[in-house]
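A.B. asks: pasted the sequence and its predicted model underneath.
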Amino acid sequence: MAISLTGEPTLYTRLGELIEAATRRGITTFVVTNGTMPKVLETLNPLPTQLYVTVAGPTKEIFNDVLHPAIGNAWENFNKTLDLLPSLDTRTVIRHTMVKNVNFPFYDEYEKMDRRADPDFIESKGYVHVGQSAGRLSYENMPTHEEIMEFSSTLAKRLGYFEYADRFESRVAMIAKNPENAKINIDEEIQKTLKKLELSSD
């Protein structure tokens, strides 16, 4: 069960209850957050099967320009989330949503973030020119799959991660922290959820 796409899930005051109810039924849970509510993540019980933190930008200026946060300390809170991730007892994923000429590539800045967060996986996904964003951005802001692969491969080499999976149609690539993660036998429920998130382990 992917808990995302309907607003920031950590604003939901009964998020822990929802995860617990799903866990009791044997349902795998994925939470996708922008990382601006670190106190919620710190006290969340139980944690989801997998926690995604989406990175809107590599600097405060770009982060605020992309995310348009409703709170003034969103960047500071996001950085607290990065520092919190290594202590969370669940699989963690940093997701870079890449918009060409806006927040991409910025190799050095993203590398520093990823080292602090020390996630199990790092997903790099290219912006797609659809929906409401089409009114603000253009086709030129869409990275090619080759550019996403180059970015992901470069991060893997810098961080000592392993290239894990990619999907051409979705312009997405994922790298794993260690080879054991890359050999995970993903059960059927996780596989279904990953496909919904447009990423397969195949």
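C.D. replies: Everything's here; your move. Numbers count the residues shown, from 1 in each chain.
A.B. asks: in this model Val55 seems to touch Thr97, though I could be wrong.
C.D. replies: Yes. Counting by C-beta atoms under 8 Å, Thr97 does reach Val55; the two are 7.3 Å apart. Using the backbone N, CA and C atoms, a C-beta is placed for each residue, glycine as well.
A.B. asks: so these two - more neighbours on which side?
C.D. replies: Val55 (26 against 18; other C-beta atoms under 10 Å).
A.B. asks: now do stretch 144-162: everything it contacts.
C.D. replies: Identification of contacts with stretch 144-162 by C-beta atoms under 8 Å, 6 or more residues apart in numbering yields 96, 98, 100, 104-105, 107, 110-111, 114-115, 122, 124-126, 143, 163, 166, 168, 171-179, 182.
A.B. asks: tell me which of those fall in strands.
C.D. replies: 96, 98, 122, 124-126, 163, 166, 172-176 (DSSP state E).
A.B. asks: confirm Thr92 sits in a helix?
C.D. replies: No. Counting by DSSP: H, G, I helix; E, B strand; the rest coil, Thr92 is not found in a helix; it is strand.
A.B. asks: separation between it and Thr43?
C.D. replies: Note on Thr92: its distance to Thr43, by C-beta to C-beta, to the nearest Å, is 16 Å.
A.B. asks: these two - which one has more neighbours?
C.D. replies: With neighbours defined as other C-beta under 10 Å, Thr92 and Thr43 compare such that Thr92 has more, 22 against 8.
A.B. asks: what's the closest non-adjacent residue to the more buried one?
C.D. replies: Spatial nearest neighbour of Thr92, chain neighbours left out: Pro119 (4.3 Å); criterion: C-beta to C-beta, 6 or more residues apart in numbering.
A.B. asks: could you verify my assumption that that neighbour touches Leu85?
C.D. replies: Yes. In this structure, Pro119 is within contact of Leu85 by C-beta under 8 Å, at 6.1 Å.
A.B. asks: check Asp202 and give its pLDDT.
C.D. replies: pLDDT recorded at Asp202 is 48.
A.B. asks: which of the ones in strands among the contacts of stretch 144-162 has the largest number of neighbours?
C.D. replies: Ser124 (29 neighbours).
A.B. asks: who does that residue bridge with?
C.D. replies: His96, Ala173 (DSSP bridges).
A.B. asks: quick check: pLDDT value at it.
C.D. replies: pLDDT for Ser124: 97.
A.B. asks: correct me, but it touches Val172?
C.D. replies: Yes. Ser124 is in contact with Val172 according to C-beta under 8 Å; the separation is 6.9 Å.
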